[in-house]
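*Asks:* Structure of the sequence below:
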Amino acid sequence: MPDIPWSTPTPAAPDAEVYVMASRFETATLTGAVRFFLKAPGIIRQIRKAPGAHGVALRARVPRRTFLTLSAWEDRDALYRFARSEPHRSSSRAASTYMKESAFTYWTGPASELPLTWAEAERRLAEQETPR
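*Replies:* Coordinates of the predicted model:
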């Protein structure tokens with residue numbers, strides 16, 4: 001399945017710090033993966049219009065039932081406002097019925113490093129999941 005490549009809704013000032021979130025979702029069934037994938041474009045469109053959004057991308061591996069998201073925000077509050085707004089709020093609640101696992105990691109970094117890479121997101125997610 002095709003990925004949704006990085007897009008920049010509102011460019012950050014080059015000297016700004018951005019708040020970054022990477023997530024990994026695994027659905028319990030292939031039907032759940034298809035549902036997740038079909039909802040993804042609407043959520044990406046929502047992010048592209050969200051105040052404080054500086055970047056977003058999705059890596060979809062539907063046959064493996066796995067999805068990665070990567071987004072950059074003006075600050076944590078901008079991310080949380082988005083997460084509590086529709087359609088994300090109700091979509092995430094509905095998705096919880098068919099999710100097997102999910103993982104999230106957050107960090108801040110210079111806007112000059114945007115766009116972010118999948119390698120960085122995967123490294124940080126792996127660190128988050130590794131017992132210390």
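*Asks:* now do the same end-to-end measure for stretch 60-69.
*Replies:* With CA to CA, to the nearest Å as the measure, stretch 60-69 spans 9 Å from end to end.
*Asks:* what sits up against it?
*Replies:* Stretch 60-69 has contacts (CB atoms under 8 Å, 6 or more residues apart in numbering) with 1-4, 21-30, 32-34, 36-37, 40, 56-59, 100, 118, 121-122, 125. From N, CA and C alone the C-beta is placed, and that goes for glycine too.
*Asks:* Tell me which other helices or strands the worst-scoring helix or strand of the chain on mean pLDDT touches.
*Replies:* The least trusted helix or strand in the chain, going by mean pLDDT, DSSP states H and E, turns out to be helix 88-95, with a mean of 89. On a contact count with 3 or more CB pairs under 8 Å, 6 or more residues apart in numbering; DSSP states H and E, helix 88-95 meets helix 30-49, helix 76-83.
*Asks:* Touching that helix from outside, list them.
*Replies:* Contacts of helix 88-95 (CB under 8 Å, 6+ apart): F25, T27, G32, R35, F36, K39, G42, I43, Q46, F82, A83.
*Asks:* do you know how far the second one is from P11?
*Replies:* The spacing between T27 and P11, counted by CB to CB, to the nearest Å, is 33 Å.
*Asks:* Looking at those two, which is more packed in?
*Replies:* T27 (23 against 11; other CB atoms under 10 Å).
*Asks:* residue contacts, that one?
*Replies:* A33, R35, F36, R65, A95, Y98, M99, K100.
*Asks:* The third one touches E26, doesn't it?
*Replies:* When you say that, I think you mean F36. No - between F36 and E26 there is no contact under CB atoms under 8 Å: 9.8 Å.
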